[in-house]
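Colleague: pasting the sequence and the predicted model now:
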Amino acid sequence: MRTILVTGGAGQLGTALRALPLPQGWSIHAADRTTLDLRDSDAIGRFIARGHHAAVINAGAYTDVDGAETDVVEAWRINALAPAALAAACAEAGIPLVHVSTDYVFDGDGDRMRQPHDPVRPLGVYGASKAAGEMAVTTAGGQHAIVRTAWLVSAHGHNFVRTMLRLAAERDSIGVVSDQRGSPTSAADLARALAAIAMGLALDPEAPAGIYHFSNRGAVSWADFARVILAGSAARGGPRARIENIASSAYPMRARRPARSLLCTQAIERDYGIVPRPWEEALDEILDQLMGKKL
Ligand SMILES: NC(=O)C1=CN([C@@H]2O[C@H](COP(=O)(O)OP(=O)(O)OC[C@H]3O[C@@H](n4cnc5c(N)ncnc54)[C@H](OP(=O)(O)O)[C@@H]3O)[C@@H](O)[C@H]2O)C=CC1
Ligand SMILES: Cc1cn([C@H]2C[C@H](O)[C@@H](COP(=O)(O)OP(=O)(O)O[C@H]3O[C@@H](C)C(=O)[C@@H](O)[C@H]3O)O2)c(=O)[nH]c1=O
C-alpha cells in the first residue's frame, strides 16, 4: 500500500482529501495537530523520516487572514517555517511534497490573470507568510509541486458558503463587499487535483513539477457569489436574505485583500490534464450536500 501523508488533516481541505476515493493500492494518512504539530520542526523531520510515505500533501496552514495581522509569529511559523521543515524532510527522504498556497500572494491589481511565475506581491501578513512558505519549498531542492488556489468552499469547515447560510438564517439582509472578485473553488475538486499530482510525482521522478494554479472556472464578486448561494439555498427550501453591495472600506477588516484574484490554470491543464469545472456547478454540489436537492 502506498500512503500519502496529509498534514492539517482536520481542516476544510484535509477533510476533502480524507473523503477522496483513491485508486487501489493508495491510501491517505491524515495527521491533525494532535498527531503532528506543524510548529515543531524536529517533530516534522522525525515524523517523515520514519513514516515511509510515498508523498506528502501539506494542507495545514494558518488561515485567519485578519488574525495573521496581529498573530504574525504564529502565522509565520505555520505558513513559512513548517513548509521549510516539510520540504527539507521530504527532500531527505526522497519523496515529493505537494504544498498548497493562495491567490493572496498576489496584490490583485488590474484585470490580468496571474500566471504561476508572475512576481508575488502580498498585501497582508497571511499572503506574505504563504509566499515565504512557497520560497522555502522551492529552494529546499526536493521534488515538489506548489498549488495555489483561491476562495475554497465546501460542505465542511469554515468557509463563505457556510457563513452566508448561517447569516441568512439570522438576518433579513447581509452587507457583502462587491469590489473584490475571484474564483470560488471546491475543496473536493482541489483535493482530487492534489492527489493526482502527488501520485504522479510519487510514481515518476521526472513528472512535471513546480508552481501550478487551480481554481474553479469563472469569476464573481463576493456579493454576487453570496446572491447565487442564497438563491440556491432558497430553491432548496433553505434560508434566504437580501444581499446589499458594500465597499471593502465599509466592512471591518484588518488585512487588505486583493481586488482581483484571477489565477490562470493553463499549466495544470497542460501538464496533468486537470480541467477545472465552472464554480456554479461545484457550488450546486455543495448546496446539495448541505441541504439536499432543489425542491
Ligand atoms: N480557505 C481558503 O479560502 C483558502 C485556503 N488556501 C490554502 O489551502 C490550504 C487549506 O486551507 P483550508 O483547509 O481551507 O484551511 P483550514 O483552516 O480549514 O485548515 C487548516 C488546518 O491546518 C491546521 N493547523 C493549523 N495550525 C496547525 C499546527 N500548528 N499544527 C498542525 N496543524 C495545524 C488547522 O488545525 P486546527 O483546525 O486544529 O486549527 C486546520 O485543520 C491552506 O494552505 C490555505 O492557505 C488557499 C486559498 C483559499
Ligand atoms: C462574512 C462576511 C464577509 N464579507 C467579506 C469579507 C471578505 O472580503 C469576503 C470573504 O470573507 P472571508 O472571511 O471568507 O474572506 P477571507 O478570509 O479573506 O478568504 C480568504 O481566505 C484565505 C485563507 C485565502 O487564501 C483566500 O483565497 C480567501 O478565500 O467577504 C462581507 O462583506 N460580509 C460578510 O458578512
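Modeller: That came in fine, so what should we check first? Ligands and ions are numbered 1, 2, ... in the order given.
Colleague: now do the buried residues in stretch 86-102.
Modeller: By neighbour count on 16 or more other C-beta atoms under 10 Å, the buried set for stretch 86-102 is 86-91, 93, 95-102. Every residue, glycine included, has its C-beta placed from N, CA and C.
Colleague: what about it, distance to the chain center?
Modeller: 17 Å (C-alpha atoms, centre = their mean, to the nearest Å).
Colleague: out of the buried residues of stretch 86-102, which sit inside helices?
Modeller: Judged by DSSP state H, helices contain the following of those: 86-91, 93.
Colleague: extract the CA atoms of the helix of greatest length in the chain and return them as PDB.
Modeller: Using DSSP H, we find that the single longest helix of the chain is helix 187-203. The C-alpha coordinates for helix 187-203 follow below in PDB (Å, rounded to 0.1, in the frame of the first residue of the first chain):
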ATOM      1  CA  ALA A 187     -12.200  21.900  -1.800                       C
ATOM      2  CA  ALA A 188     -13.200  18.500  -3.200                       C
ATOM      3  CA  ASP A 189     -12.100  19.500  -6.700                       C
ATOM      4  CA  LEU A 190      -8.800  20.800  -5.400                       C
ATOM      5  CA  ALA A 191      -8.300  17.600  -3.300                       C
ATOM      6  CA  ARG A 192      -8.700  15.500  -6.500                       C
ATOM      7  CA  ALA A 193      -6.200  17.600  -8.300                       C
ATOM      8  CA  LEU A 194      -3.600  17.500  -5.400                       C
ATOM      9  CA  ALA A 195      -3.900  13.700  -5.100                       C
ATOM     10  CA  ALA A 196      -3.400  13.300  -8.900                       C
ATOM     11  CA  ILE A 197      -0.300  15.400  -8.700                       C
ATOM     12  CA  ALA A 198       1.000  13.600  -5.600                       C
ATOM     13  CA  MET A 199       0.500  10.200  -7.100                       C
ATOM     14  CA  GLY A 200       2.100  11.400 -10.400                       C
ATOM     15  CA  LEU A 201       5.200  12.700  -8.700                       C
ATOM     16  CA  ALA A 202       5.500   9.600  -6.400                       C
ATOM     17  CA  LEU A 203       5.400   7.200  -9.400                       C
END
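Colleague: and that helix, anywhere near ligand 1?
Modeller: No - contact between helix 187-203 and ligand 1 is absent, the nearest approach being 6.5 Å (criterion: C-beta under 6 Å from any ligand atom).
Colleague: distance from the very next helix or strand once past that helix to the middle of the chain?
Modeller: Counting by DSSP states H and E, the element after helix 187-203 in chain order, helix or strand, is strand 210-213. Averaged C-alpha coordinates place strand 210-213 at 13 Å from its chain's average position (C-alpha atoms, centre = their mean).
Colleague: tell me how far Arg166 lies from ligand 1.
Modeller: 16 Å (C-beta to the nearest ligand atom, to the nearest Å).
Colleague: which element is that residue on?
Modeller: Going by DSSP H and E, Arg166 is in helix 160-170.
Colleague: other SSEs contacting that helix?
Modeller: Packing partners of helix 160-170 (3 or more C-beta pairs under 8 Å, 6 or more residues apart in numbering; DSSP states H and E): strand 173-177, helix 222-235, helix 279-291.
Colleague: could you double-check that Leu287 lies in contact with Ala234?
Modeller: No - counting by C-beta atoms under 8 Å, Leu287 does not reach Ala234; the two are 10.5 Å apart.
Colleague: what about the two, which has more around it?
Modeller: When Leu287 and Ala234 are compared on other C-beta atoms under 10 Å, the one with more neighbours turns out to be Leu287, at 23 against 15.
Colleague: can I get the helices and strands packed on helix 160-170 in TSV with distance to Ala43 and mean pLDDT?
Modeller: Listed next are the helices and strands packed on helix 160-170 as TSV, based on distance: least, C-beta to C-beta, whole Å; pLDDT from 0 to 100:
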stretch	distance to Ala43	mean pLDDT
strand 173-177	39	98
helix 222-235	37	98
helix 279-291	34	97
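Colleague: right, so these: which one is the most enclosed?
Modeller: helix 222-235 (a mean of 20; mean count of other C-beta atoms under 10 Å).
Colleague: which strands or helices does it pack on?
Modeller: The contact analysis (3+ C-beta pairs under 8 Å, 6+ apart) places helix 222-235 against helix 160-170, strand 173-177, strand 242-246, helix 279-291.
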